[in-house]
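Novice: Provided below are the primary sequence and the corresponding predicted coordinates.
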Amino acid sequence: MRRTRPGLGPRESRSTIYLDSQDAKQISSLSTARPYDSGRGDLSSSRGDPLNELWNELTAPLPAPQPWLVALTGVAAFLFVAHPVPWRSARALITIAHEGGHALTALLTRRTLKGIRLHSDTSGITLTKGRPTGPGMVATAAAGYLAPSLLGLGAAWLVSSGYVALLLWAMLALLTGMLLMVRNLFGLVALFAVAMAVFALSWFADAGVQVFFAHLAAWFLLFGGVRPIIELWSKRRRGRAPYSDADQLARITPLPAGFWLLLFLAVSVAAVLGGGYLLTSRWLPLPA
């Protein structure tokens, strides 16, 4: 993996000190110089062990960004979600998270994942095989609308802790897994394009650029998890979404679709509040 942290300082060097010339005594000791602290941790203990070095690369925290960057990325993400023009294209990213949530939950509940399809109108479908009812089916059906918000909350935690590299490579791993299960050309192209963008960001971009886009992604997932639920609520009121996830859950549980919509909305709003706190708490005034 290419390292993108700020340049490290000089390595510890070995110097020779001569004592009293009469004794002609020579000792060798480590210099007192310390490596420059780049904010990414000390990797010297893992040199020679590729797995440990990789793990240290992924978990070495980056320095905290300036408050203006956190605010700027939050405002930009909100505008991407709130304005109809950018949302028409950006919604496809939320659809990827939505269908990824269905797929991952199906695997975790031991259902058979048959495939994923992503469409140019930003809709998608995930096909699974297993019992038509029961906890596994309920969890799989509910995971779609919850996935973007929960992913955003997890991203906010990683970003606020400085684990930007770990976030990027986790995203890349999830996208790669979805690539193996996509079953249509548009979905394949869309997933490949997003995966390559994340790979380029993690491999070629410097730390500052990575921090900027990691914050932008966290905010976008948090805000983007709310709007599809509001859109679904509006469509159901006009009778235009009879086969939504909420309606499917109503058919396999005793609870009405309205309950599931309220649950989706409550979780997504809570994720925005929690993720927003994680991203901004460093600069919030502490109570006296």
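Specialist: Noted; the coordinates are in hand. Numbers count the residues shown, from 1 in each chain.
Novice: ranges for the strands of this structure?
Specialist: 14-18, 26-30, 112-118, 124-129 (DSSP state E).
Novice: which residues of the stretch 1-150 of the chain fall in helices?
Specialist: For the stretch 1-150 of the chain, the helices defined by DSSP state H, counting those that start in this stretch cover 50-59, 67-82, 84-108, 135-160.
Novice: Tell me the spacing between residue 271 and residue 259.
Specialist: Look at residue 271 and residue 259: by CB to CB, to the nearest Å, they are 19 Å apart. In short, each C-beta sits where N, CA and C put it, glycine included.
Novice: what about these two, which has more around it?
Specialist: Between residue 271 and residue 259, residue 271 has the larger neighbour count (other CB atoms under 10 Å), namely 24 against 14.
Novice: pretty sure that one contacts residue 145?
Specialist: No - using CB atoms under 8 Å, residue 271 makes no contact with residue 145, being 11.5 Å away.
Novice: what residues are shared contacts of the two?
Specialist: Counting by CB atoms under 8 Å, 6 or more residues apart in numbering, the common neighbours of residue 271 and residue 145 are residue 225.
Novice: Just the endpoints, please. Distance across stretch 241-258?
Specialist: Using CA to CA, to the nearest Å, one end of stretch 241-258 lies 13 Å from the other.
Novice: circling back to that earlier point, rebuild the helices of the stretch 1-150 of the chain as a markdown table, extending it with mean neighbour count, mean pLDDT and distance to residue 180.
Specialist: Converted to a markdown table, those look like this (neighbours: other CB atoms under 10 Å; pLDDT from 0 to 100; distance: least, CB to CB, whole Å):
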| stretch | mean neighbour count | mean pLDDT | distance to residue 180 |
| --- | --- | --- | --- |
| helix 50-59 | 14 | 80 | 22 |
| helix 67-82 | 16 | 96 | 28 |
| helix 84-108 | 19 | 96 | 10 |
| helix 135-160 | 22 | 97 | 18 |
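Novice: could I get those helices as CSV with distance to residue 250?
Specialist: What follows is the helices of the stretch 1-150 of the chain, written out as CSV (distance: least, CB to CB, whole Å):
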stretch, distance to residue 250
helix 50-59, 42
helix 67-82, 27
helix 84-108, 17
helix 135-160, 10
